[in-house]
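**Q** Got a sequence here, can you build the structure:
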Amino acid sequence: MDIVITPCQPCDYDALVDIWKASGLPYKPNGRDSRKNIEKEIYNGISKFIFAKIDDDIIGSALITHDGRKGWINRVCVLPVFRKKGVAKLLVDEGEEWLKEQGIGIFACQIEGYNSDSFEAFKKMGYIPFERIRYLTKRVHPDI
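**A** Predicted coordinates for the structure are as follows:
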């Protein structure tokens, strides 16, 4: 199985949404995941969406971003039939390499409590849980 990691372009928006849906990843089409917002993220210089592909078929994706100090691996998803085959690791490895190229040496992820599979996968990739961190958000709109 030859898996290739490629960047996502603005014209790939529908394919990105399709992989999120097929992988069971929730998305907010009227907010942060709108076509306009995703395109803005692709061009902002601190974010990179990537795909995992076999031939021309997209089997996974991830969003990599940073704030200048810390890098974030977000929205990693893999089609169910390709899970537990190293696809997520390839996406994360590619994301970490891109972050290193940006001068970022701390990588982080946030995983919702229900998603124990992702939590265990990231632990296997060397990510360390910080049980005492409290995560808070404030949103202008629930779709953000």
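**Q** Please count neighbours and contacts with C-alpha atoms only from this point.
**A** Fine.
**Q** roughly how far is stretch 15-26 from the heart of the chain?
**A** How far stretch 15-26 lies from its chain's middle: 11 Å, per C-alpha atoms, centre = their mean, to the nearest Å.
**Q** actually stretch 133-144, not the one I wrote
**A** Relative to where its chain is centred, stretch 133-144 has its mean C-alpha point 18 Å off (C-alpha atoms, centre = their mean).
**Q** Give me the distance between the two termini of it.
**A** Its first and final residues considered, stretch 133-144 spans 22 Å by C-alpha to C-alpha, to the nearest Å.
**Q** Give me the mean pLDDT for that stretch.
**A** In this model, stretch 133-144 has an average pLDDT of 84.
**Q** Could you do stretch 71-78 as well?
**A** 96.
**Q** Alpha carbons only: can I get that stretch in CSV?
**A** What follows is stretch 71-78, C-alpha atoms only, in CSV (Å, rounded to 0.1, in the frame of the first residue of the first chain):
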residue,chain,number,x,y,z
GLY,A,71,2.3,23.4,17.0
TRP,A,72,-1.0,21.8,16.9
ILE,A,73,-2.0,18.5,15.1
ASN,A,74,-5.8,18.8,14.6
ARG,A,75,-8.6,17.0,12.9
VAL,A,76,-6.7,13.8,12.1
CYS,A,77,-9.1,11.4,10.4
VAL,A,78,-8.7,8.2,8.5
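**Q** Could you tell me the end-to-end distance of stretch 29-44?
**A** End-to-end distance for stretch 29-44, by C-alpha to C-alpha: 19 Å.
**Q** i'd like the first residue to be 2 from this point on
**A** With 2 as the first residue, the last one maps to stretch 30-45.
**Q** buried stuff in that stretch?
**A** Buried residues in stretch 30-45, counted by 16 or more other C-alpha atoms under 10 Å: 33, 34, 35, 36, 39, 40, 42, 43.
**Q** Any chance of TSV for these, columns secondary structure and distance to residue 109?
**A** Below are the buried residues of stretch 30-45 laid out as TSV (DSSP: H, G, I helix; E, B strand; the rest coil; distance: C-alpha to C-alpha, whole Å):
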residue	secondary structure	distance to residue 109
33	coil	20
34	coil	21
35	coil	24
36	helix	25
39	helix	21
40	helix	23
42	helix	18
43	helix	20
